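Engineer: here is my input, please return the structure:
(2 chains)
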Number of protein chains: 2
Amino acid sequence: MKTDYQQISDALLTEIISIVGEQFVLTGKDDTEPYSHDETEDLHFYPQVVARPHTAEEVAALLKLCNDNHIPVTPRGAGTGLSGGALPVNGGLLIAMERFNSIIEIDEQNLQATVEPGVITETFMDAVAEKGLLYPVDPASKGSCFIGGNVSHGSGGPRVVKYGTIREYILNLQVVLPSGEIIWTGANTLKYSSGYNLTQLFIGSEGTLGIVTAIVVKLIPRPTIDALMLASFGTNEDACAAVSAIFRAGVVPSALEFMERRGVEWVIENDGIAFDLKDDVGAFLLIEVDGTNQDVIFDAAEQINNLLENYNCKDVLFADTAAQKEELWQMRRTMAVSVKSNSVYKEEDTVVPRAALPQLIKGIKEKGARYGFESVCYGHAGDGNLHVNIVKGNMSDADWNTKLKDGIREIFELTVSLGGTLSGEHGIGLVQKGFMGIKYSPVHFALWRGIKQVFDPNYILNPGKIFD
Amino acid sequence: MKTDYQQISDALLTEIISIVGEQFVLTGKDDTEPYSHDETEDLHFYPQVVARPHTAEEVAALLKLCNDNHIPVTPRGAGTGLSGGALPVNGGLLIAMERFNSIIEIDEQNLQATVEPGVITETFMDAVAEKGLLYPVDPASKGSCFIGGNVSHGSGGPRVVKYGTIREYILNLQVVLPSGEIIWTGANTLKYSSGYNLTQLFIGSEGTLGIVTAIVVKLIPRPTIDALMLASFGTNEDACAAVSAIFRAGVVPSALEFMERRGVEWVIENDGIAFDLKDDVGAFLLIEVDGTNQDVIFDAAEQINNLLENYNCKDVLFADTAAQKEELWQMRRTMAVSVKSNSVYKEEDTVVPRAALPQLIKGIKEKGARYGFESVCYGHAGDGNLHVNIVKGNMSDADWNTKLKDGIREIFELTVSLGGTLSGEHGIGLVQKGFMGIKYSPVHFALWRGIKQVFDPNYILNPGKIFD
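Structural biologist: Residues are numbered from 1 along each chain as shown, chains lettered A, B, ... in the order given. Coordinates of the predicted model:
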């Protein structure tokens, strides 16, 4: 990690103001406070200056200035990240992308759209839905996160299981490099075999290689019908075992979410969610199938229903109305925010081959018992992607701040031993980087750092993240 | 481009033999001739030595030896490439991957497989089909190409239009770096947000960053039914205009292939393919829909049929039997090999946003008229991916060897002006690299070369390709 960064002098501040305009530059603790944290635990790091540019040319001028003067730069989307990727750990300049909020074009001829990175994901989804099109990458935070942040984290969401991650929908990116050069990474085409794929390299790079200023997205025809069911099981293991069975039977649901009993209890207790939680239920699967033909969807739902019976499923609740569907989805989405609102917490994002989920959950609970932490687990079971929310509960401050780290390390060691990796969709950012050595060798670190050096030789972009 | 490579001395040859065994080392023009060319035009470059290793450790020992001694290394799959990626332009050691021919595991629990790079693509497709699974990446050469070569080129094929390119099916790669280090690029998971995505960087890197020795592939449930129709149009433009319309109507076919009249004439004339080619037909679309429900497929086919009527479609022929389907596919696939067998030719691989196809074809024909070359065009219209086969015909040797290059340059200039790029699935290799400057800036070249330097500081791997 580089440490000899410079402070932003008054002269540099004047230059920053001349680039973006005085009303779009913030300094001082009060004004920069909203940019000092994201949704990662209770972490705060203050930037020296916040700039809110509006064009790629303004971003280019800012980056060139910082590059020439060795000022650390932290790009920031909506600040909904869970791994501290947007935290300005070295102070310096924070570039807030919130004014890049235009949907530039929805191209119905080619089923593509060009969108700025500061557009809220759901806003974009709604805009293309109006044209009968689908952009399926819907993280739980879709109502507040930016699509640019989604690109930076390689985001997913419930529908990945059928439609794929954001990686499969980004065709081309306009990026500004630390040198101030503005390039398009590829072409607006569905296929690409023309040199190293810079588009894919930028996806998931967490703002360490360049700043994305425009995004060309692939769209697909929108399914018009769906069915949603909630299946209950006695144990986590039974629920997870059913997940693999559904795919083996040839059914591809459009969502296959896991929720453990503790998660449902948690939202009932903390958020007043009304739900009749039976005593003998240990876990749930929320299963959606979508398409354009009612018969096909009915058949698929029935096939899943029949299959679940062989996997110790206790009960299947079909959502009959749009309101019922929304209630079930609300329960799942609330779980994702409830822990953050109601407790000191840490969120870990584990991903394993789908069939290893039962072993993963079992191991997490064993470690929790041994280390004395409570966990609320839920996630995208169809992808083998489990979010592990660790709540402080009765843990002493001392244990929370020191001993817990060993427990989390054991969770990741288990994840890796099952063929998985540290993060499926939340990124590594600041808080997971200490665990990267569990999965990756010094050779990986050397390659990553080498790539970083090519794009950002002065190490100004988002320092202290991923591997730094 | 580096030029100070060393020859393989007798001492080094002895070391190579000690690594892979004498029966797996070839020298001399006769024995190395099969490795001196791929399917790119009539180009021949002889390697000094061919080694056929069997394990990642053997590849590692070979690469380390060549890296320490500055010997150029050309990795080779099945040699079916169309851009000269496997041509050993600097002599040196050619590493033939044909003995990496095992399907290591088909994991039906996780719908994944682990396969060696020298497995023939169709062999792998058939093996997973026996388990009721689909690996959908089916280039026209699937019966002879290797899956490792497909990874290196970011390959596609007819089914990309519904199922995506190989990029969406590769989860993890075992690669050997020039240093001799063996790493896995990622994890065997459906999602990945854990550092720069090395897996995606290797896909399409044409053997310039490392040598792939094992591949973890995502599989999906296999569709059980399909319908195939051949639609005829008066003009190329009418056929291409219908392509966009099909997607806009919300139908996603599993193949949407374009064939111009000249292509059909060509296979009738040169390959004895029987087909009743009407005088007023200028172009065809071969359209497949697949799935698991007969009614849905019937509805989709009918929807396409009705829609085509609005796009000046002259006739739609439905293939009623498996034999008829095979005949239609045979015509399309023969077109891809017929030009190579029956003429001196050059094949260019253009890709544009789908709706720009009519302009692209029109422009290619205009340029052909101006420069005096004949072109046979066909390809994956649903992806905007057009293969342009240029046949020598009556062109003089002088014009073929000099003037034609200007015509090809104009084709790529048009492709890029329409938002496209040089190659969708064939790669850049040797023969397209001179055109890369049409699309990409010195900044792109600097980034690519910088990345190359990180992985291969002595520039031993496949020199002279893509951007070198």
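Engineer: near chain B, which residues of the stretch 51-200 of chain A?
Structural biologist: A:107-112, A:132, A:153-156, A:160-161, A:164-165, A:167-168, A:177, A:181, A:183, A:186-198, A:200 (C-beta under 8 Å from any C-beta of the partner chain). (Glycine included, C-beta is placed from N, CA and C.)
Engineer: so for stretch A:421-437, mean pLDDT?
Structural biologist: For stretch A:421-437, the mean per-residue pLDDT is 96.
Engineer: in it, what counts as buried?
Structural biologist: Of all the residues in stretch A:421-437, those buried under the rule 16 or more other C-beta atoms under 10 Å in any protein chain shown are A:421-433, A:435-436.
Engineer: strands along the stretch 101-250 of chain A, start to end?
Structural biologist: Here the stretch 101-250 of chain A has its strands, by DSSP state E, counting those that start in this stretch, at A:103-107, A:112-115, A:133-134, A:170-176, A:182-184, A:211-218, A:220-221, A:225-233.
Engineer: residue A:461: what's it in contact with?
Structural biologist: Residue A:461 makes contacts with A:63, A:73, A:75, A:178, A:207, A:208, A:209, A:210, A:211, A:455, as judged by C-beta atoms under 8 Å, 6 or more residues apart in numbering or on different chains.
Engineer: cool, residue A:224 as well?
Structural biologist: For residue A:224, the contacting residues are A:291, A:292, by C-beta under 8 Å, 6+ apart.
Engineer: let me know the pLDDT of it.
Structural biologist: For residue A:224, the pLDDT comes out at 92.
Engineer: tell me which residue of the stretch 1-150 of chain A lies closest to chain B.
Structural biologist: residue A:109 (3.9 Å; C-beta to the nearest C-beta).
Engineer: excluding chain neighbours, what is closest to that residue?
Structural biologist: The shortest distance from residue A:109 to any non-neighbouring residue, by C-beta to C-beta, 6 or more residues apart in numbering or on different chains, is to residue B:355 (3.9 Å).
Engineer: can you tell me the SS state at the one you found?
Structural biologist: Judged by DSSP: H, G, I helix; E, B strand; the rest coil, the three-state class of residue B:355 is helix.
Engineer: picking that back up, now, of the contacts of residue A:461, which are buried?
Structural biologist: The neighbour count (16+ other C-beta under 10 Å) marks A:63, A:73, A:75, A:178, A:207, A:208, A:209, A:210, A:211, A:455 as buried among those.
Engineer: can you list contacts of the strand or helix carrying the third one?
Structural biologist: The one in question is residue A:75. Per DSSP states H and E, residue A:75 falls inside strand A:73-76. For strand A:73-76, contacts defined as C-beta under 8 Å, 6+ apart pick out A:35, A:38, A:47, A:62-63, A:66, A:86-90, A:92-97, A:152, A:178, A:207, A:211, A:460-462.
Engineer: who's in contact with the residue of the stretch 1-150 of chain A closest to chain B?
Structural biologist: Contacts for residue A:109 (C-beta under 8 Å, 6+ apart) come out as B:244, B:248, B:353, B:354, B:355.
Engineer: likewise for residue A:285?
Structural biologist: For residue A:285, the contacting residues are A:230, A:231, A:233, A:239, A:242, A:243, A:256, A:257, A:258, A:259, A:381, by C-beta under 8 Å, 6+ apart.
Engineer: next: residue A:157.
Structural biologist: Residue A:157 is in contact with A:136, A:137, A:138, A:139, A:140, A:142, A:380, A:425, counting by C-beta under 8 Å, 6+ apart.
Engineer: gap between it and residue A:169?
Structural biologist: For residue A:157, the distance to residue A:169 equals 12 Å [C-beta to C-beta, to the nearest Å].
Engineer: what do the two both touch?
Structural biologist: Common contacts of residue A:157 and residue A:169 (C-beta under 8 Å, 6+ apart): A:136, A:137.
Engineer: sorry, back to before: so which of the contacts of residue A:157 comes closest to residue B:226?
Structural biologist: Of all the contacts of residue A:157, residue B:226 sits closest to residue A:136, with 24.2 Å by C-beta to C-beta.
Engineer: leaving out the residues flanking it, which one is nearest to the closest one?
Structural biologist: The shortest distance from residue A:136 to any non-neighbouring residue, by C-beta to C-beta, 6+ apart, is to residue A:163 (3.8 Å).
Engineer: may I have stretch A:413-422 as CSV, with CA atoms only?
Structural biologist: What follows is stretch A:413-422 as a C-alpha-only set of coordinates in CSV (Å, rounded to 0.1, in the frame of the first residue of the first chain):
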residue,chain,number,x,y,z
GLU,A,413,-11.9,-21.0,5.2
LEU,A,414,-14.9,-23.3,5.1
THR,A,415,-16.3,-21.5,2.1
VAL,A,416,-13.0,-21.9,0.2
SER,A,417,-12.6,-25.5,1.2
LEU,A,418,-16.1,-26.2,-0.3
GLY,A,419,-14.8,-24.8,-3.7
GLY,A,420,-16.2,-21.3,-3.1
THR,A,421,-14.8,-17.8,-2.7
LEU,A,422,-15.2,-14.8,-0.4
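Engineer: which residues sit against that stretch?
Structural biologist: Here stretch A:413-422 makes contact (C-beta under 8 Å, 6+ apart) with A:349-353, A:356, A:359-360, A:363-364, A:367, A:384, A:412, A:428, A:432, A:435-436, A:438-439, B:186-189, B:192, B:194.
Engineer: how about stretch A:369-379, does it reach chain B?
Structural biologist: No. Stretch A:369-379 is not in contact with chain B by C-beta under 8 Å from any C-beta; minimum separation 10.4 Å.
Engineer: now that stretch: mean pLDDT?
Structural biologist: For stretch A:369-379, mean pLDDT is 93.
Engineer: start to end distance for it?
Structural biologist: Criterion C-alpha to C-alpha, to the nearest Å; first-to-last residue distance in stretch A:369-379 is 21 Å.
Engineer: list the buried ones in that stretch?
Structural biologist: Within stretch A:369-379, the residues that qualify as buried are A:371, A:373, A:374, A:375, A:376, A:377, A:378, A:379, counting by 16+ other C-beta under 10 Å.
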